[in-house]
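Undergrad: What would the 3D arrangement of this be:
(chains A and B)
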Number of protein chains: 2
Amino acid sequence: MIVQKYGGSSVATIDHMKTVAKRVVSRIQTDGPLVVVVSAMGTTTNDLLSLAHHAASNPSARELDMLLATGEQVSSSLLTMMIKDHGYDAIALNGSQAGIQTMGIYSKNKIKTIDIDGLQNHLNQNRTVVVTGFQGVNEQGDVTTLGRGGSDTSAVALAASLNVPCEIYTDVNGIYSVDPRRYASAQKLTAITYEEMSELAALGANVMEARAVELAQKYNVPLTVAKAHAWETGTVIKEQSPMLEKRTITGVSVIDDIIMVSLDNLNNPTQDVARLFRALSAREINVDMISQTYVNPSTLSVSFSCNADDLKDVQKALEVFNQDVPSATIRFDESLSKLSAVGLGMRTQAGVAATLFDLLAKANVPFKLVTTSDISISYAIPKEKTKDAVNTIARAFEL
Amino acid sequence: MIVQKYGGSSVATIDHMKTVAKRVVSRIQTDGPLVVVVSAMGTTTNDLLSLAHHAASNPSARELDMLLATGEQVSSSLLTMMIKDHGYDAIALNGSQAGIQTMGIYSKNKIKTIDIDGLQNHLNQNRTVVVTGFQGVNEQGDVTTLGRGGSDTSAVALAASLNVPCEIYTDVNGIYSVDPRRYASAQKLTAITYEEMSELAALGANVMEARAVELAQKYNVPLTVAKAHAWETGTVIKEQSPMLEKRTITGVSVIDDIIMVSLDNLNNPTQDVARLFRALSAREINVDMISQTYVNPSTLSVSFSCNADDLKDVQKALEVFNQDVPSATIRFDESLSKLSAVGLGMRTQAGVAATLFDLLAKANVPFKLVTTSDISISYAIPKEKTKDAVNTIARAFEL
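TA: All right, here's what the predicted structure looks like:
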């Protein structure tokens, strides 16, 4: 048994979807029924979003979820028809029917539990189950969505509940050390650890959502990422192994549009910082890199970065903050990118950070913010310097 | 309190829908919260159907229902966003969330019960409820649809459960004695009885579904049909009244594409006829007009008409029948229309039928089948004679 997940580009048209149906059917023929998780067709989700923004200046979150959830219901219904048309039993289940209970706020829900009995019952009856990705139902019975990349999370969560492996099919043929669109000679990785993958995902590699990888790691779900419309092997995401640890840097990832916000003259440092992040969190803004400097023991400056999409929300949050802390002066830096280098090797091999700083200096790339984790270093750099920086690092580490 | 229903043409675009939202809001302002039932936008249902037929040669009924149901979920979500954008509380509910329990076979479900408590609770909290028309959920939790015109049925059923009147908004400004596209000088009726309306609906007037009118009659739901994007009065559908009984013929309706099937040489009349209609009903074919003639006491000929869309199903059903009754010879008449005249007056005024036969003869319109009910007469006539027949009758009865 297995869970397969097909992304939006793999089911963008009826013809694409028919190819997916054939792939599912060939799997049924060799290994029996399976669970398929499917995204909305092609650009459907964005089309629906744009419809909502034409409908209302401020589309209500509950109804937006209900609207967006139709995309996956369409694709799961159609894919099921196709599988049945091949003569194999199948059933389409939406999030509610698949027992996917969520919690949290609309459009960013988390899976709380999965009541797997109904789905298991279908499988026991030799019936392939096609589940709508990206969605579930909350305690009030509202249709809820899981946010961007939520279908990966649906697939991994179902695989974890069923204790089976998960295959993620997408429009790339695996995980690359660097996005091939940014660095043409980038190499495909045959294997990568959960940890590196979730770090890369969190840092902007668009192949899989970090949440989904973390979930896979937590429940030890074997994960494969491969191209839907090709029969070549993809990348296996698995536990740490001595072979994988040898690599210094496994990948470089870029998030293109970030902004940096700098606040000076915070005269009650502890309280002001707490107030600041409360104001940002009240608007569900994901703050990314943070740096703080004491100008003197009682005056603090804070900088943080976040997604450029959040600019308006940040401005609103800071207006509120500024009323409470009128001393604070606020500056915005736009047109920045976040460049990150990830590798388990950083944990054990000294000097990786030094090499990176050195490379950036030589390539004449200034940076506004730096953060490091156990296995990654990230820099906020001017957007126009991204290409130079990626090329320099990829060449130096033979990615 | 009231239930308003808006058809697909009334919400065909975001702009159309915004006009509907304004209409709903103006109602909220004068009378407080209401229930709105909404169809899928414009041609969405047909578009989805065509997608399904591209996906599979024989789309599975359960998944087809699940697919089609997305259309109303989109429009109810969007309309709710618009109402909320005007500053009024509203919530979108799909069939399952609105407590609409169905029974029967996929794509032709009937409403079994409505658990109205949740919906009533929203209304009590001064919240307008926007319900997806056309759908519900069956005992197994499957998404089910109510068949063509199902949104009217949803609206009337909700109005009956809440014991409030129902307004049906559509793209015509009321009920006409004859479809104005067929007879330009047709007059709009200010009132019509439930009985006449359900007869007209069953006989092809496309304004409202017969089932919905019958339901309204059964629960005595006051019904109005009016144009969504106009502020003029529509047609009231109500109980019988002496004024309404005076009219001889209230309306003429046409179903354009019907076929007639004639079976000869049925040598075991009673058994053969039972077998025939069992075979047809097994394929859910709605047989309409039926006539039978004994050639001699032991040999029967039967003719029946049905929708031309059912031709393939009829052929399959008759193949099975022919294996059981090899003596039967079968003929098909295609390109027929069904012309019906409806009026409460037929019940009390003699000679209406005679006048109609006389008019058809003078207009040189031959007929293949005739059926009469308490308040209607219907004829199967050659399709190309429809216009002549309608004109003759409409002129004679001043419709």
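
Undergrad: switch to C-alpha atoms for all contacts and neighbour counts from now on
TA: Noted.

Undergrad: now A:S305, nearest residue through space, not along the chain?
TA: A:M260 (4.2 Å; Cα to Cα, 6 or more residues apart in numbering or on different chains).

Undergrad: okay but that neighbour is in contact with A:D333, surely?
TA: Yes. A:M260 lies in contact with A:D333 (Cα atoms under 8 Å); the separation is 4.9 Å.

Undergrad: The residue nearest to A:S305: how many residues sit nearby?
TA: Counted with other Cα atoms under 10 Å in any protein chain shown, residues neighbouring A:M260 total 25.

Undergrad: Please read off the pLDDT at A:W231 from the model.
TA: If you check A:W231, the pLDDT there is 68.

Undergrad: Would you agree A:N126 falls within a strand?
TA: No. Residue state for A:N126 (DSSP: H, G, I helix; E, B strand; the rest coil) corresponds to coil; a strand is not indicated.

Undergrad: Next up, the contacts around it.
TA: A:32-33, A:89 (Cα atoms under 8 Å, 6 or more residues apart in numbering or on different chains).

Undergrad: how does chain A divide into domains?
TA: A:3-171, A:252-396 (automatic domain parsing).

Undergrad: Of the contacts of A:N126 - the most surrounded one?
TA: Most neighbours among the contacts of A:N126, by other Cα under 10 Å: A:P33, with 25 neighbours.

Undergrad: Surely it is in contact with A:T128?
TA: Yes. In this structure, A:P33 is within contact of A:T128 by Cα under 8 Å, at 4.6 Å.

Undergrad: okay, and the common contacts of these two?
TA: Here A:P33 and A:T128 have no joint contacts, going by Cα under 8 Å, 6+ apart.

Undergrad: hmm, back to that, quick one: which helix or strand includes the residue nearest to A:S305?
TA: strand A:251-266 (DSSP states H and E).

Undergrad: At which residues are the helices of the stretch 101-250 of chain A located?
TA: All helices of the stretch 101-250 of chain A, identified by DSSP state H, counting those that start in this stretch, fall at A:117-124, A:150-162, A:194-202, A:210-218, A:242-245.

Undergrad: who touches the residue nearest the centre of chain A in this structure?
TA: For chain A, the residue nearest the mean C-alpha position is A:E209 (2.4 Å; Cα atoms, centre = their mean). Contact analysis of A:E209 by Cα under 8 Å, 6+ apart lists A:148-150, A:152-153, A:198, A:201-202.

Undergrad: let's see it at 7 Å
TA: A:149, A:152, A:201 (Cα atoms under 7 Å, 6 or more residues apart in numbering or on different chains).

Undergrad: Count the residues that sit near A:R247.
TA: Neighbours of A:R247 using other Cα under 10 Å come to 15.

Undergrad: Apart from its neighbours in sequence, what residue is nearest it?
TA: Distances taken as Cα to Cα, 6+ apart place A:G345 nearest to A:R247, at 5.6 Å, with adjacent residues excluded.

Undergrad: Verify the contact between that neighbour and A:T248 for me.
TA: Yes. Applying Cα atoms under 7 Å as the test, A:G345 and A:T248 come out as touching, 4.2 Å apart.

Undergrad: longest helix of chain A?
TA: Counting residues, the longest helix in chain A under DSSP state H turns out to be helix A:61-85.

Undergrad: Can you give me the neighbour number for A:V287?
TA: Other residues close to A:V287 by other Cα under 10 Å number 16.

Undergrad: Bridged to it, which residues?
TA: Per DSSP bridges, the residues bridged to A:V287 are A:C306.

Undergrad: Pull the number of nearby residues for the closest residue to A:T19 other than its chain neighbours.
TA: Once flanking residues are discounted, A:T19 sits nearest to A:H229: 7.2 Å by Cα to Cα, 6+ apart. By other Cα under 10 Å, 18 other residues sit near A:H229.

Undergrad: Give me the distance between A:H229 and chain B.
TA: 18 Å (Cα to the nearest Cα, to the nearest Å).

Undergrad: Packing partners of the strand or helix carrying A:K18?
TA: In the assignment (DSSP H and E), A:K18 maps to helix A:14-31. Identification of packing neighbours for helix A:14-31 by 3 or more Cα pairs under 7 Å, 6 or more residues apart in numbering or on different chains; DSSP states H and E yields helix A:61-85.

Undergrad: one more time with 10 Å
TA: strand A:3-6, helix A:61-85, strand A:128-132, helix B:44-55 (3 or more Cα pairs under 10 Å, 6 or more residues apart in numbering or on different chains; DSSP states H and E).

Undergrad: rewinding a little: anything in contact with each of A:M260 and A:D333?
TA: Jointly contacting A:M260 and A:D333 under the rule Cα atoms under 10 Å, 6 or more residues apart in numbering or on different chains are A:305, A:368.

Undergrad: mind checking the backbone torsions on A:K387?
TA: A:K387 adopts backbone torsions of phi -60, psi -50, taken as degrees, to the nearest 10.

Undergrad: so what's it closest to, chain neighbours aside?
TA: Closest to A:K387 by Cα to Cα, 6+ apart is A:R182, at 6.9 Å.

Undergrad: The one you found and chain B, how far apart?
TA: From A:R182 to chain B the distance is 36 Å (Cα to the nearest Cα).

Undergrad: Does that residue touch A:V254 like I think?
TA: Yes. Contact criterion Cα atoms under 10 Å: A:R182 and A:V254 qualify, at 9.1 Å.

Undergrad: Show me whatever sits in contact with both of A:G345 and A:T248.
TA: Shared contacts of A:G345 and A:T248, counting by Cα under 10 Å, 6+ apart, come down to A:352, A:375.

Undergrad: Could you tell me how many residues sit around A:N124?
TA: With other Cα under 10 Å as criterion, A:N124 counts 11.

Undergrad: Let me see the contact set for it.
TA: A:33, A:118.

Undergrad: Give me the pLDDT value at it.
TA: At A:N124, pLDDT is 97.

Undergrad: quick check: angle from the helix holding A:K18 to strand A:128-132?
TA: 140 degrees (axes from the mean of the first three to the mean of the last three Cα atoms, to 10 degrees).

Undergrad: Now the element after helix A:14-31, going C-ward?
TA: Helix A:14-31 is succeeded, C-terminally, by strand A:35-38 (DSSP H and E).
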